[in-house]
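>>> Any chance you can model this:
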Amino acid sequence: MQKIRFLPLLCVVLMLFTAPTLLAQQEPDTPYPAETMLSVRMMPPGERSLRNFLYPKLMAQEGSIQLPAGTSYNLLVQTLDNMRNDYPELFHIESYRVHYQRNQPDVAQSISPNYLCSAEEASALRKQLLETAQSWVDENPDPLALYERLVQNTTYSPDSMWQHAAVGALLYGEATCAGYAQAISLLYRLAGIPCATIIGEASDTSGETGLHAWNLTNFGFLDATWGAAFDGHVFHSNYAMGEADMSIDHTPNRGYTFPDLSGVPNYYQAHGLYVSTEQELLTQLMRLVDGETVEIQLSPDLYARYAAAMKDKPSDIVTFCAEAAGVEIPFYDPCRILSDKAHRVLLLIPHPELAEQ
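Down below sits the predicted model:
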């Protein structure tokens, strides 16, 4: 898990020019509808104005950008970090230097961006990226289908050149968490779905915490990086999460203002895969007889009973159901079982020989 940030290298220079005045700037001409920029709704006026000023200059790959008079250094860094993290089309920006006067270190005078490629190369890559993303949307604009396709066609890799960008995920099939998150933002926005990239920390199944990126939509939080399960199967425990579920293992970096997601069902509730009793669990497990893959979420009480009875050994779930429900089951442990204990999710994949019986 990695967080993508600009690491400003402070370059103290004496600026002997008059900076432009920050007037009302036109909204960025993004490749997706402005109303799909969910992050804009969390942006203070000063940051929005500075973003509108910087966006066309960064897209044009200007080598030196003189800033409006009185630009706050901290606001500049915040704005640039947010733009780099939440605008997939700005993949070409690697880092930047901030210039300020020695006697006013809190006021930024200009920036010198470092770009990963030439303007011509970036334009060609951007065209390819947008065409690929649009083709995915045209084939199936459903948000769940886009999420599953990205998970199934992308491998987590920290070693590629475009690892932190949607370019890596959609064009090369390799990305880190930032690449997954930016790809989701681009796909969803092109599909007309409001979406934002969230930066913060997350804790994996071993309890280790690291920098991470994920997404927020109008139907919940989602983390495509953690969607891959086994042999092409997709985990949905991090899809359409409410804020309470998200906060179990995800901590946003700063004071985001999130929409009210109370009452919005998660993936399992929406698809009838949330089970509260042993009988409901048994009904789901019987689908394995037909060779179906079963992914379910247990209620807190049911999961507590299951964990206590089986001493936290998910591979014995069939025995647990048989004993709890008082019935005989025509098979025993005929599946591979993966679990997300934090979200009480079980993914049961039938053995090939079961489907042949």
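>>> Which strands and helices lie in contact with the strand or helix carrying Q128?
Using DSSP states H and E, Q128 falls within helix 119-139. If you count contacts as 3 or more Cβ pairs under 8 Å, 6 or more residues apart in numbering; DSSP states H and E, helix 119-139 packs onto helix 143-153, helix 166-171, helix 177-190. All C-beta atoms are positioned from the backbone trio N, CA, C, and that covers glycine.
>>> go with 7 Å
Judged by 3 or more Cβ pairs under 7 Å, 6 or more residues apart in numbering; DSSP states H and E, the packing partners of helix 119-139 are helix 166-171, helix 177-190.
>>> Could you pull out the helices in the stretch 151-300 of the chain for me?
With DSSP state H, counting those that start in this stretch, the ranges of helices along the stretch 151-300 of the chain come out as 166-171, 177-190, 243-246, 267-270, 278-285, 300-309.
>>> so how far is the fourth one from its chain's centroid?
Distance of helix 267-270 from the chain centroid (Cα atoms, centre = their mean, to the nearest Å) equals 19 Å.
>>> What average pLDDT does that helix get?
Averaging pLDDT along helix 267-270 gives 94.
>>> could you show me where the strands are in the stretch 1-150 of the chain, in order?
9-12, 65-66, 93-100, 108-115 (DSSP state E, counting those that start in this stretch).
>>> next one: the stretch 151-300 of the chain
Under DSSP E, counting those that start in this stretch, the stretch 151-300 of the chain gives strands at 155-156, 174-175, 195-203, 209-217, 220-222, 250-252, 274-275, 294-298.
>>> can you count the residues close to S135?
S135 is flanked by 11 other residues according to other Cβ atoms under 10 Å.
>>> Distance of it relative to T217?
According to Cβ to Cβ, to the nearest Å, S135 and T217 sit 21 Å apart.
>>> Make sure H250 is actually in contact with D204.
No. H250 lies out of contact with D204 (Cβ atoms under 7 Å); the separation is 11.0 Å.
>>> Which one of the two is surrounded by more residues?
The residue with more neighbours, out of H250 and D204, is H250; 20 against 13, by other Cβ under 10 Å.
>>> Any idea what the more buried one is bridged to?
Going by DSSP bridges, H250 is paired in beta bridges with A202.
>>> and it, what is it in contact with?
Applying Cβ atoms under 7 Å, 6 or more residues apart in numbering, one finds that H250 lies in contact with G200, A202, W214.
>>> Kindly report the same for M83.
Per Cβ under 7 Å, 6+ apart, neighbours of M83: R51, L54, L90.
>>> Which of these sits closest to T79?
The shortest gap between T79 and any of those belongs to R51, at 5.4 Å (Cβ to Cβ).
>>> one step back: kindly reformat the helices of the stretch 151-300 of the chain as CSV containing mean neighbour count.
Putting those into CSV (neighbours: other Cβ atoms under 10 Å) gives the following:
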stretch, mean neighbour count
helix 166-171, 27
helix 177-190, 29
helix 243-246, 17
helix 267-270, 18
helix 278-285, 18
helix 300-309, 15
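>>> Out of these, the one nearest Q78 is which?
Between these, helix 177-190 lies closest to Q78; by Cβ to Cβ that is 17.2 Å.
>>> quick one: contacts of the closest one?
1-2, 4, 32-33, 36, 86, 88, 133-134, 136-137, 143, 146-147, 150, 154, 163-166, 168-170, 175, 195-197, 212-215, 217, 222, 224-225.
>>> And the contacts of H250, which of them are buried?
Neighbour-count burial (16 or more other Cβ atoms under 10 Å) applied to the contacts of H250 gives G200, A202, W214.
>>> residues touching the first one, list them.
What it means is G200. H212, H250, T251, P252, N253.
>>> roughly how far apart are the residue nearest to the spatial centre of the chain and F235?
Compute the mean C-alpha point of the chain, and by Cα atoms, centre = their mean the closest residue is W214, 2.5 Å away. Distance of W214 to F235, computed by Cβ to Cβ: 14 Å.
>>> Which segments of the chain make up each domain?
Domain assignment for the chain by automatic domain parsing gives 9-119, 126-263, 272-356.
>>> Just say which of the ones you listed is most tucked in.
Ranked by mean neighbour count, the domains of the chain are led by domain 126-263 with a mean of 20 (mean count of other Cβ atoms under 10 Å).
>>> Could you tell me the end-to-end distance of that one?
End-to-end span of domain 126-263 (Cα to Cα, to the nearest Å): 38 Å.
>>> Where does pLDDT dip in the protein?
Applying pLDDT under 70 to the chain flags residues 1-25, 39-44, 229-230, 311-316, 318-319, 321-334, 351-357.
>>> so how far is stretch 69-80 off the chain centroid?
26 Å.
>>> Likewise for stretch 211-227?
Computed by Cα atoms, centre = their mean, the separation of stretch 211-227 from the middle of its chain amounts to 4 Å.
>>> just to revisit the earlier point, mind checking which of the contacts of M83 land in helices?
Taking DSSP state H, the ones among those that sit in helices are R51, L54.
>>> any idea which of the contacts of M83 is closest to I111?
Among the contacts of M83, L54 lies closest to I111 (Cβ to Cβ), at 8.3 Å.
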